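# Following is a predicted model, sequence given first.
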Amino acid sequence: MPVQNAAVLPTPRARLEVIAADIPQPAADEILVRVHAVAINPVDWVIQGTSRVTYRWLRTPAVLGSDVAGEVVAVGSGVTRFRVGQRVFGLATGTDRGRDPRREGAFQEYTVLLERLAAPTPDALSDEEAAVFPLGVSTAACALFQPGHLGLRMPIDGTPTGNGGVVVVWGGSTSVGMNAVQLARAAGYDVVSTASPRNAATVRSLGADTVVDYSSASAVDDLVSAIGGRPVVGAVALGAGSTDACIDVLRRTGGSRLAMASTPVSLADLVGRRRLFPAMLPVFGRIGLTTARSTLRARRAGIRAGFVWGSSLRDDEVGPGLWGGVIPRALADGNLRPMPEPLVVGEGLADIQGALDRQRAGVSASKLVVRV
Ligand SMILES: NC(=O)c1ccc[n+]([C@@H]2O[C@H](COP(=O)([O-])OP(=O)(O)OC[C@H]3O[C@@H](n4cnc5c(N)ncnc54)[C@H](OP(=O)(O)O)[C@@H]3O)[C@@H](O)[C@H]2O)c1
């Protein structure tokens, strides 16, 4: 079997190591991609540091990573949308339950992607720009379009299908948030959002008509007054503290759907601890209690609240609709820009561990990218 290099997680909580690994072969509905750029997501260091508790199904050694851009080098027998030599970007879902993290992880020279979770890279985009999209845009689409979340209709052939109303995106300067703002606008909705003042203009440029500072004591009041009398179709909650704030906004504006994407307590400190046990006990206790309390508050207010799983679109209509229709069209029409802007922090698989550490330390409106 042909051999490549892969950055693997050898055991839970270990540092990534670059080793020789088999090049996977594409199944009928997959493409084999020579990876040119990968982007880093918070979930990568969360899995590295806490998989024993949070991703208990994950077997090591495992290849982590969701965001891939590169070139098609082989196609499965049933693939119709791609050909060898084409530039492509897509969502790798190897760390999900039931998937194979050796075949389908981003952090290696060659990986397989499902045809339905990939799109051609337009000539105008670099691989580094294309790599910022996959998990951010997929999670945003799950929140906005899955029937169990906001249940909005996807734009078809570039035509907005929404019948107006406001989408609240709390955390508009996150990767997921920047994509959510753009997709909600493309679908025909007004957007109000939050960000630090330094990122407010950027989030506005993506289509939010109002951007308030999420750390301000008046953030909820400011959003409610900006919404005015407009109907609210739902809220996407991103970042610590976002769930309760969104419940407050929805209660006061009559909105009834909330998509939550973040744990109420960041796992960043826990991941940095030398030992996971027993440090995890109070953290997970707080997460459980806070979630139960927020869910109860939402229910009492008549708000349907649910947690988003950003790769769950693999198994429903949102995946092919997003990757096969909405993304190519919105890129062509200029309704979707690669945001947050890529910040290249490494060249080669050996630099991915440093990029994970840097993501965990915190980023502001930038997507860390490593060229492979
Ligand atoms: N459930 C899923 O499937 C899924 C998938 C992807 C991501 N997520 C979660 O979604 C969240 C965003 O992930 P990401 O990759 O998009 O983030 P990211 O790009 O790493 O987010 C960085 C941004 O977060 C903003 N931020 C920090 N604290 C905030 C707060 N309390 N409220 C609102 N914004 C805050 C900062 O904005 P400023 O610089 O403007 O201050 C910063 O620009 C994370 O919690 C992540 O774990 C979940």
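Alright, I've got the coordinates. Computed from a prediction, not measured in an experiment: that's the story for all the values here. Numbering: from 1, shown residues only.
# CA atoms for contacts and neighbours, from now on please.
Will do.
# Break this protein into its domains for me.
3-133+338-371, 137-307 (automatic domain parsing).
# For Arg314, which of these is the nearest?
domain 3-133+338-371 (6.9 Å; Cα to Cα).
# How about that closest one and the ligand, touching?
Yes: using Cα under 6 Å from any ligand atom, we find that domain 3-133+338-371 touches the ligand at 41-43, 363-365.
# In PyMOL, select just the buried ones from those.
One line in PyMOL is enough to select the buried ones among the residues of domain 3-133+338-371 next to the ligand; burial here means 16 or more other Cα atoms under 10 Å:
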select buried, resi 41+43+365
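# What are the buried residues along the particular helix or strand that has Val18 in it?
Using DSSP states H and E, Val18 sits within strand 17-22. For strand 17-22, the neighbour count (16+ other Cα under 10 Å) marks 17-18, 21 as buried.
# Kindly report the same for stretch 198-208.
199-200, 202-204, 206-208.
# If we check the ligand, which of those are in contact?
Okay, of the buried residues of stretch 198-208 touching the ligand (Cα under 6 Å from any ligand atom), that's Asn199.
# So which of the buried residues of stretch 198-208 are in helices?
Counting by DSSP state H, the buried residues of stretch 198-208 place 199-200, 202-204 in helices.
# Can you lay out the buried residues of stretch 198-208 as JSON lines showing pLDDT?
What follows is these, written out as JSON lines (pLDDT from 0 to 100):
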{"residue": "Asn199", "pLDDT": "98"}
{"residue": "Ala200", "pLDDT": "98"}
{"residue": "Thr202", "pLDDT": "98"}
{"residue": "Val203", "pLDDT": "98"}
{"residue": "Arg204", "pLDDT": "98"}
{"residue": "Leu206", "pLDDT": "98"}
{"residue": "Gly207", "pLDDT": "98"}
{"residue": "Ala208", "pLDDT": "98"}
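# what's the farthest-apart pair in the buried residues of stretch 198-208?
Asn199 and Gly207 (13.2 Å).
# Tell me the secondary structure at Pro147.
coil (DSSP: H, G, I helix; E, B strand; the rest coil).
# Quick check: the gap between it and Met154.
11 Å (Cα to Cα, to the nearest Å).
# Over to Gly172?
For Gly172, the distance to Met154 - Cα to Cα - is 20 Å.
# higher neighbour count, the two?
More neighbours surround Gly172 than the other of Gly172 and Met154, with 35 against 25 (other Cα atoms under 10 Å).
# The more buried one is in contact with Thr194, isn't it?
Yes: contact between Gly172 and Thr194 holds when scored by Cα atoms under 8 Å: they sit 5.4 Å apart.
# returning to that earlier point: quick one, which of the domains of the chain is nearest to Gly325?
domain 137-307 (7.0 Å).
# Just give me how far the closest one sits from the chain centre.
The chain centre lies 13 Å from the centre of domain 137-307; the measure is Cα atoms, centre = their mean, to the nearest Å.
# Tally up the residues packed near Pro197, please.
For Pro197, using other Cα under 10 Å, the count is 13.
# what's it in contact with, if anything?
When contacts are counted by Cα atoms under 8 Å, 6 or more residues apart in numbering, Pro197 touches 212-213.
# quick one: it from the ligand, how far?
Distance, Pro197 to the ligand, using Cα to the nearest ligand atom, to the nearest Å: 7 Å.
# closest to the ligand among the ones in helices among the buried residues of stretch 198-208?
For these, the residue nearest the ligand by Cα to the nearest ligand atom is Asn199; the value is 5.1 Å.
# helix, strand or coil for the nearest residue to that closest one once chain neighbours are set aside?
Closest residue to Asn199 apart from its sequence neighbours, by Cα to Cα, 6 or more residues apart in numbering: Ser173 at 6.5 Å. Using three-state DSSP, the structure places Ser173 in coil.
# Count the residues that sit near Ser173.
The burial count for Ser173: 29, using other Cα under 10 Å.
# same question, Glu128
25.
# Over to Gly310?
21.
# residue contacts, it?
135-136, 138-140, 142.
# out of these, who's near the ligand?
Restricting the contacts of Gly310 to those near the ligand - Cα under 6 Å from any ligand atom - leaves 136, 139.
# Quick one, which of the contacts of Gly310 are buried?
Using 16+ other Cα under 10 Å, the buried ones in the contacts of Gly310 are 135-136, 138-140, 142.
# Mind checking which of those residues land in helices?
Going by DSSP H, the helices hold 135-136, 138-140, 142 from those.
# Ends of stretch 257-276, what's the gap?
35 Å.
# Next secondary structure after the helix-or-strand element of the chain with minimal mean pLDDT?
Here the helix or strand of the chain ranked lowest by mean pLDDT, DSSP states H and E is helix 268-272, holding a mean of 85. For helix 268-272, the following helix or strand on the C-terminal side (DSSP H and E) is helix 280-300.
# now for that next one, which elements pack on it?
Applying 3 or more Cα pairs under 8 Å, 6 or more residues apart in numbering; DSSP states H and E, one finds that helix 280-300 makes contact with helix 242-253, strand 304-307.
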